[in-house]
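Trainee: Fold the stuff below for me.
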Amino acid sequence: MLNFPQILKASITWNKGKLIGQKPPLKLREIWAIRIRLQLKNEIRELAIFNIAIDSKLRSCDLVKLKVRDVCHGNGIAPRAMILQKKTQQPVKFEITEQTRDAVKNWVSHKQLSSEDYLFPSRLNNSNHISTRQYARIVHKWVEMIGLDTSLYGTHSLRRTKATLIYRRTKNLRAVQLLLGHTKLESTVRYLGIEVDDALEMAEQTEV
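Mentor: Alright, predicted model coming up:
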């Protein structure tokens, strides 16, 4: 039977040295810092992953399972796509910007992928596509590459990035809810942390 000190130790060591809570989105200058570095290094695959992750706002479990046919239209990359989310089993649509279409097209051509291939196949023999763990490692590499604290950022940072930028520009919470594929508006509010952010913004603008 565990005594009190043992119970206390067990309850506090699970997250020792880790920060918990929402992962912050990337700022616009950070997006371009990563993008430019990947371009300069000619990282064709990673540039495609990064751009599609920002545009799609998909969870990592959905992003890694994208197939070429999900984003292709004929011989080109479609300006919009729709997939069924694994977590909610609800469809979600997203736009694919021109720079993302170019990056994905270059990757598909470079890898000579067919329509039924996974968009980001794994380099390991025992997996058809990159895993969520592999994707997380890639994201941490990007974050470290531009000098950010890797303990603060994760794959959800990329999912939240464009959604946060859209909300800040439009204040249209319903639109962001649809883009993220949330079934409840409350989920979007919590996910973006906008109540706290808006309160801080108002406080900064108020002189006392």
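Trainee: mind listing the strands for this structure?
Mentor: Applying DSSP state E to the chain gives strands spanning 72-73, 76-77, 80-84, 91-95.
Trainee: can you put those in CSV and add distance to residue 128 and mean neighbour count?
Mentor: All C-beta atoms are positioned from the backbone trio N, CA, C, and that covers glycine. Listed next are the strands of the chain as CSV, based on distance: least, Cβ to Cβ, whole Å; neighbours: other Cβ atoms under 10 Å:
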stretch, distance to residue 128, mean neighbour count
strand 72-73, 18, 16
strand 76-77, 21, 18
strand 80-84, 17, 14
strand 91-95, 22, 15
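Trainee: So for residue 55, which of those sits nearest?
Mentor: Proximity to residue 55 (Cβ to Cβ) singles out strand 91-95 among the strands of the chain, at 6.0 Å.
Trainee: Which neighbouring elements make contact with the closest one?
Mentor: With contacts defined as 3 or more Cβ pairs under 8 Å, 6 or more residues apart in numbering; DSSP states H and E, the packing partners of strand 91-95 are helix 44-56, strand 80-84, helix 173-180.
Trainee: for the protein, which helix is longest?
Mentor: In the chain, ranked by residue count with DSSP state H as the criterion, the top helix is helix 155-170.
Trainee: Same question for that one: list its buried residues.
Mentor: 155-167 (16 or more other Cβ atoms under 10 Å).
Trainee: Next, format the strands of the chain as JSON lines and append mean pLDDT.
Mentor: Formatted as JSON lines, the strands of the chain follow (pLDDT from 0 to 100):
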{"stretch": "strand 72-73", "mean pLDDT": "88"}
{"stretch": "strand 76-77", "mean pLDDT": "92"}
{"stretch": "strand 80-84", "mean pLDDT": "92"}
{"stretch": "strand 91-95", "mean pLDDT": "89"}
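Trainee: Which one, of the ones you listed, ends up nearest to residue 115?
Mentor: Nearest of those (Cβ to Cβ): strand 72-73, 6.1 Å.
Trainee: what sits up against that closest one?
Mentor: Strand 72-73 is touched from outside by 78, 108, 115, with contacts defined as Cβ atoms under 8 Å, 6 or more residues apart in numbering.
Trainee: now that strand: how far from the chain's centre is it?
Mentor: 22 Å (Cα atoms, centre = their mean, to the nearest Å).
Trainee: and what of stretch 172-182?
Mentor: With Cα atoms, centre = their mean, you get 15 Å for stretch 172-182.
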